[in-house]
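Colleague: how would this look folded up:
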Amino acid sequence: MFTHKTFELQDLQTKNIDGKRFYVTPDDEYYPSITTVLSPRKSKGLQEWRDRVGPQVASYISRTAARRGTQVHSICEDFLNNKSIEHHKENFLAWCLFNQLKETLTSRINSIHAQECALYSTKYRVAGRVDCIAEYNNELSIIDFKTSRSSRNDEYNLDYYLQASAYAEMWEERTGQPINQIVILVVTENGEVQEFVKDKTEYIPQLLQAIDDFTVQWEKEKV
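Modeller: Next comes the predicted model:
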């Protein structure tokens, strides 16, 4: 059984503005989601990939990946909340992927502070929803669960690290609890579990640049 030290933080509503997701803060401010802020960084490479494989194949792979990720995340969330997960067996691939990941969750994670928690920062003027905040190998961490068709090279994970670093900053601002460790857990369709454990301080400068770039572009679009 996992232990929980839950923080009661106010949930946030979202609003779509010109195709971009914003969170509405308790002060009625509109902050872009961190995924929205980082999305332009992926656009060029994503379009090149779509052009290479064709729109139909790209759409199929994207839909399949999104569904696979959502299903695995749902199982992880129930498992960490000490809930029954038997009903998830109907999603065969997701169930198999989770069972590859299960030992890592059981042996590394405890003292769970939040799951699927909406966060925001007035300092950075961004918001988002974090997968999990818990102790990972006894250190309070931002933990994100990812799925992949094959092994990921560390160099391709930068946006994951920027996103997790943003969550760490948001959490400290909302609770007063500092978090330095960020953890990305990737489970692949060949059964591999990859652990990427980083220090957020390495990524704060690039996070700030990404936020500035988004803000400048957003201001131009509004004119």
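Colleague: which residues touch the most centrally placed residue in the chain?
Modeller: The residue lying closest to the centre of the chain (Cα atoms, centre = their mean) is Asp144, at 5.0 Å. Contacts for Asp144 (Cβ atoms under 8 Å, 6 or more residues apart in numbering) come out as 130-132, 160, 163-164, 182-185. (Each C-beta comes from the backbone N, C-alpha and C, glycine too.)
Colleague: looking at the residues you listed, which is nearest Ile109?
Modeller: Cys132 (7.6 Å; Cβ to Cβ).
Colleague: picking up where we left off before, can you redo the contacts of Asp144 as TSV with secondary structure and neighbour count?
Modeller: Shown next, in TSV, are the contacts of Asp144 (DSSP: H, G, I helix; E, B strand; the rest coil; neighbours: other Cβ atoms under 10 Å):
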residue	secondary structure	neighbour count
Val130	strand	22
Asp131	strand	23
Cys132	strand	25
Tyr160	helix	19
Gln163	helix	25
Ala164	helix	29
Ile182	strand	26
Val183	strand	23
Ile184	strand	22
Leu185	strand	23
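Colleague: can you give me the strands in the chain?
Modeller: 13-17, 20-24, 30-32, 109-121, 126-136, 139-148, 181-188, 193-199 (DSSP state E).
Colleague: for the fifth one, output the C-alpha coordinates as PDB.
Modeller: Put plainly, it is strand 126-136. Taking C-alpha atoms only, strand 126-136 is exported to PDB below (Å, rounded to 0.1, in the frame of the first residue of the first chain):
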ATOM      1  CA  VAL A 126       2.100  29.400 -16.600                       C
ATOM      2  CA  ALA A 127       0.000  26.500 -15.400                       C
ATOM      3  CA  GLY A 128      -0.500  22.800 -15.900                       C
ATOM      4  CA  ARG A 129      -1.500  19.400 -14.500                       C
ATOM      5  CA  VAL A 130       1.200  17.200 -13.100                       C
ATOM      6  CA  ASP A 131       1.000  13.400 -13.200                       C
ATOM      7  CA  CYS A 132       2.500  12.600  -9.800                       C
ATOM      8  CA  ILE A 133       4.400  14.300  -6.900                       C
ATOM      9  CA  ALA A 134       5.900  11.800  -4.500                       C
ATOM     10  CA  GLU A 135       9.100  10.600  -2.900                       C
ATOM     11  CA  TYR A 136      11.100   8.700  -5.500                       C
END
